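A.B. asks: Sequence and predicted model, in that order:
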Amino acid sequence: MLRKLYLLVPLLSIAAVLLAGGPSLYASESRDLVAAEISALLGQTEPEAQFYPELGPLVDVRKISGLYAERRYRPLWLVGSRLHPAAGQLVEHLRNAPGQGLCSSAYLLNELETLLQLHDSLGTFDRALAPFSLATLDILLSQSFLKYATHLVEGQVDPALAHVDWRARRRKADLAKLLDYALTNDRLDQVLAGLMPPHVGYAALTAALQNYRTLAALGGWPVVPAGDAMRLGDRDSRLPLLRKRLALTGDLDLETVGAGEVYGSAEQVAVRDFQARHGLIEDGVVGPRTLAALNVPVAQRIRQIELNLERWRWLPKELGERHIRINIADFSLQLVEDGRPVLSMPVVVGTAYRKTPVFSARMTYLEFAPTWIVPPTILREDKLPAIKANPGYLDEHHFRILQRQDGEWVEIEADRIAWEEIEAEKFPGLLRQDPGPWNPLGRVKFMFPNSFNVYLHDTNQPQLFLSNRRSYSSGCIRIERPVELANYLLADVPDWDSRRIDAALRHPEPIRAKIPPVPVHIQYWTVWVDEKKRVQFRPDIYHRDLDLEVALSEPGYQVEMNLEINRSGG
């Protein structure tokens with residue numbers, strides 16, 4: 001009967017190890033015994049031999065088995081009569097895993113440290129761990145490397161399990177080969193460093209995490225008690241606490257204010273800065289929402305940073321020298337070139353019911369004077385009831401009904417349809433709205449083909465950009481300055497100067513303009529570090545932080561939501 005590989009640290013006693021120790025440190029015959037133990041341990045077939053509830057599963061038993069099989073099950077982490085120096089380096093990386101927003105205990109740190117301490121203690125007496133213990137230590141080191149490296153490269157969970165409408169192009173690496181390379185060439189530090197997300201935003205967020213952990217270690221920030229709103233010139237006994245709170249996160253320089261109880265201009269400016277960093281209305285008034293944001297505990301902010309670091313690990317290695325980023329939680333768009341934002345603007349995103357999905361695609365063309373094909377959900381819930389209630393609705397709002405006949409789309413007369421008998425699932429064709437100021441897509445849309453049928457577009461409701469929280473669409477993304485974006489994207493396209501763009505914007509029929517492909521990354525960041533090195537926090541408008549928290553804490557969890565993904569703008 002095959003011996004079961006119980007991760008033995010909790011079971012071993014010093015006495016047992018001493019009794020099992022060989023007469024000499026890693027004698028050649030001992031290495032052969034260790035190889036035999038590794039072969040036996042990795043050759044087990046019982047399911048419980050591969051999964052350990054207390055310590056987590058091997059990342060991929062087949063990869064580990066293959067890695068050892070290629071070297072005839074000789075230990076990976078033993079060099080001559082000693083452990084490879086990389087073992088200590090790996091343990092140090094695992095100790096520092098919290099700096100990446102990861103948990104050291106997930107990588108068997110305590111178990112490894114105990115075994116390594118036993119190994120070192122026995123070594124002082126020219127004694128060794130028993131072959132079975134050495135085999136276990138070797139496999140544990142490999143398992144810890146592969147699990148930690150996997151989390152650095154791909155993240156801890158599949159984003160599709162945490163968010164039904166999240167599509168990620170995660171990075172991949174042959175980690176078994178990288179482990180072999182790292183040990184053979186003494187480059188474990190360099191290999192692990194190379195597996196971290198290469199993006200400036202990730203590094204900046206890890207630095208912010210360290211700063212907030214320092215704040216937590218020093219006791220966090222004080223709670224500002226509830227009370228009336230604080231405005232410029234108000235006298236309030238809570239001001240000393242407010243000043244201390246703002247100073248701890250760098251929003252206020254205490255040397256610029258006095259110690260009295262009058263809310264002055266310095267405090268007002270600091271509050272506005274704080275509000276700007278938290279997506280609040282920047283009025284300088286400490287009202288209920290601002291007070292609530294001030295009193296979010298530092299531990300909660302730390303966890304928020306950790307969750308967003310996980311999202312960075314889901315991104316591809318290259319975002320593109322020129323690319324467009326949309327942050328759903330911030331209602332914002334940036335066009336980035338060579339790592340620098342060259343164009344920024346507010347956007348409107350989907351409602352909580354019709355969420356904007358997260359994915360990456362390539363923008364390949366613009367369409368001026370677009371028509372709007374009403375998507376199924378909007379047809380069922382909005383348009384069909386309006387048509388039934390008002391027979392003139394279609395003409396008043398410039399809608400046409402198109403039906404496929406002999407391979408062509410043909411308009412059919414609405415007054416010939418018995419609307420009382422029509423249901424959305426059996427609608428007699430497509431419902432299309434003509435170009436014009438009534439069209440919700442406005443004058444231009446920006447197309448990056450995707451399975452969600454989501455794109456950027458102009459809007460006939462510009463007043464929505466005056467709102468602080470802009471989640472009004474049916475999933476597509478409305479942008480505030482579409483003409484400016486169109487001019488930028490078409491600047492190097494032959495025959496598309498500003499005069500032609502202006503004419504296309506007023507054209508009564510759709511006109512398509514191809515552009516060199518531009519990557520578009522629609523993301524969801526509730527924390528990031530901006531160009532001025534300020535840490536920005538945003539409310540979790542879609543509860544995606546919560547979904548991710550649950551997915552991380554409950555292996556096998558898969559979110560279930562009612563989500564309409566067949567969109568066509570709005």
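C.D. replies: Noted; the coordinates are in hand.
A.B. asks: Report the contact partners of the closest residue to residue 220 other than its chain neighbours.
C.D. replies: Closest residue to residue 220 apart from its sequence neighbours, by Cβ to Cβ, 6 or more residues apart in numbering: residue 298 at 4.0 Å. Bear in mind the C-beta positions are built from the backbone N, C-alpha and C, glycine included. Residues near residue 298 by Cβ atoms under 8 Å, 6 or more residues apart in numbering: 212, 215, 216, 220, 221.
A.B. asks: Residue 337 too?
C.D. replies: Neighbouring residues of residue 337 by Cβ under 8 Å, 6+ apart: 321, 322.
A.B. asks: can you tell me how far it sits from residue 328?
C.D. replies: Going from residue 337 to residue 328 by Cβ to Cβ, to the nearest Å gives 22 Å.
A.B. asks: Residue 178 too?
C.D. replies: Distance from residue 178 to residue 328, by Cβ to Cβ: 34 Å.
A.B. asks: Those two: which is more packed in?
C.D. replies: Neighbour totals were compared for residue 178 and residue 328, and residue 328 leads with 24 against 20 (other Cβ atoms under 10 Å).
A.B. asks: pLDDT wise, what is that one at?
C.D. replies: pLDDT, residue 328: 98.
A.B. asks: sorry, back to before: can you tell me which of the contacts of residue 298 comes closest to residue 544?
C.D. replies: Using Cβ to Cβ, residue 212 comes nearest to residue 544 of the contacts of residue 298, at 20.5 Å.
A.B. asks: which other residues reach the helix or strand where that closest one lies?
C.D. replies: Assessed by DSSP states H and E, residue 212 sits inside helix 200-217. Residues from elsewhere that reach helix 200-217 (Cβ under 8 Å, 6+ apart): 98-101, 196, 221, 248-249, 298-299, 301-302, 305-306, 308-309, 312-313, 339, 527-529, 533, 535.
A.B. asks: Also stretch 70-83?
C.D. replies: Under Cβ under 8 Å, 6+ apart, the answer for stretch 70-83 is 25-26, 31, 34-36, 38-39, 42, 67-68, 84, 86-87, 116, 119, 134-135, 137-138, 141-142, 179-180, 183.
A.B. asks: again, only using 7 Å
C.D. replies: Outside stretch 70-83, the residues within contact range by Cβ atoms under 7 Å, 6 or more residues apart in numbering are 25-26, 31, 34-35, 38-39, 84, 87, 119, 134, 138, 141-142, 183.
A.B. asks: And for stretch 433-450?
C.D. replies: Residues from elsewhere that reach stretch 433-450 (Cβ under 7 Å, 6+ apart): 359, 361-372, 397-400, 455-460, 482, 485-486, 505, 508-510, 520, 569-570.
A.B. asks: before we move on, back to that, among the contacts of helix 200-217, name the ones in helices.
C.D. replies: With helices taken from DSSP state H, the overlap with the contacts of helix 200-217 comprises 248, 298, 299, 301, 302, 305, 306, 308, 309, 312.
A.B. asks: Would you mind giving the residues you listed as JSON lines with distance to residue 333 and pLDDT added?
C.D. replies: Below are these laid out as JSON lines (distance: Cβ to Cβ, whole Å; pLDDT from 0 to 100):
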{"residue": "248", "distance to residue 333": "32", "pLDDT": "97"}
{"residue": "298", "distance to residue 333": "31", "pLDDT": "98"}
{"residue": "299", "distance to residue 333": "32", "pLDDT": "97"}
{"residue": "301", "distance to residue 333": "25", "pLDDT": "98"}
{"residue": "302", "distance to residue 333": "28", "pLDDT": "98"}
{"residue": "305", "distance to residue 333": "23", "pLDDT": "98"}
{"residue": "306", "distance to residue 333": "26", "pLDDT": "98"}
{"residue": "308", "distance to residue 333": "19", "pLDDT": "98"}
{"residue": "309", "distance to residue 333": "23", "pLDDT": "98"}
{"residue": "312", "distance to residue 333": "19", "pLDDT": "97"}
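A.B. asks: Now for residue 493: which residues touch it?
C.D. replies: 513, 515.
A.B. asks: host element of it?
C.D. replies: Residue 493 belongs to no helix or strand when assigned by DSSP H and E.
A.B. asks: Pretty sure residue 147 sits in a helix.
C.D. replies: Yes - with DSSP: H, G, I helix; E, B strand; the rest coil as the criterion, residue 147 is assigned to a helix.
A.B. asks: That one and residue 87, how far apart?
C.D. replies: 16 Å.
A.B. asks: how about the strands in the stretch 51-200 of the chain?
C.D. replies: 78-79, 82-83 (DSSP state E, counting those that start in this stretch).
A.B. asks: export those to a markdown table and tack on mean pLDDT, mean neighbour count and distance to residue 281?
C.D. replies: Shown next, in a markdown table, are these (pLDDT from 0 to 100; neighbours: other Cβ atoms under 10 Å; distance: least, Cβ to Cβ, whole Å):
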| stretch | mean pLDDT | mean neighbour count | distance to residue 281 |
| --- | --- | --- | --- |
| strand 78-79 | 84 | 18 | 62 |
| strand 82-83 | 85 | 17 | 59 |
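A.B. asks: got these as a markdown table, with distance to residue 473 columns?
C.D. replies: A markdown table is the format used below for these (distance: least, Cβ to Cβ, whole Å):
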| stretch | distance to residue 473 |
| --- | --- |
| strand 78-79 | 60 |
| strand 82-83 | 58 |
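A.B. asks: Poorly predicted segments of the stretch 1-150 of the chain, please.
C.D. replies: The stretch 1-150 of the chain contains residues with pLDDT under 70 at 1-29, 44-60, 80-81.
A.B. asks: which residues in it form helices?
C.D. replies: 14-20, 28-42, 61-69, 85-95, 109-123, 131-154 (DSSP state H, counting those that start in this stretch).
A.B. asks: In stretch 300-312, which residues are buried?
C.D. replies: 301, 302, 303, 304, 305, 306, 307, 308, 309, 310, 311, 312 (16 or more other Cβ atoms under 10 Å).
A.B. asks: I'd say the fifth one and residue 526 touch.
C.D. replies: Translated: residue 305. No - Residue 305 sits out of contact with residue 526 when judged by Cβ atoms under 7 Å, with a separation of 9.3 Å.
A.B. asks: Walk me through the domains of this structure.
C.D. replies: 14-154+171-196, 221-296, 318-545 (automatic domain parsing).
A.B. asks: and the ones you listed as TSV, adding distance to residue 552?
C.D. replies: Output for the domains of the chain, formatted as TSV (distance: least, Cβ to Cβ, whole Å):
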stretch	distance to residue 552
domain 14-154+171-196	9
domain 221-296	20
domain 318-545	11
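A.B. asks: so which of these comes closest to residue 163?
C.D. replies: Checking those against residue 163 by Cβ to Cβ gives domain 318-545 as the closest, at 5.8 Å.
A.B. asks: Can you tell me the closest non-neighbouring residue to residue 242?
C.D. replies: residue 224 (5.3 Å).
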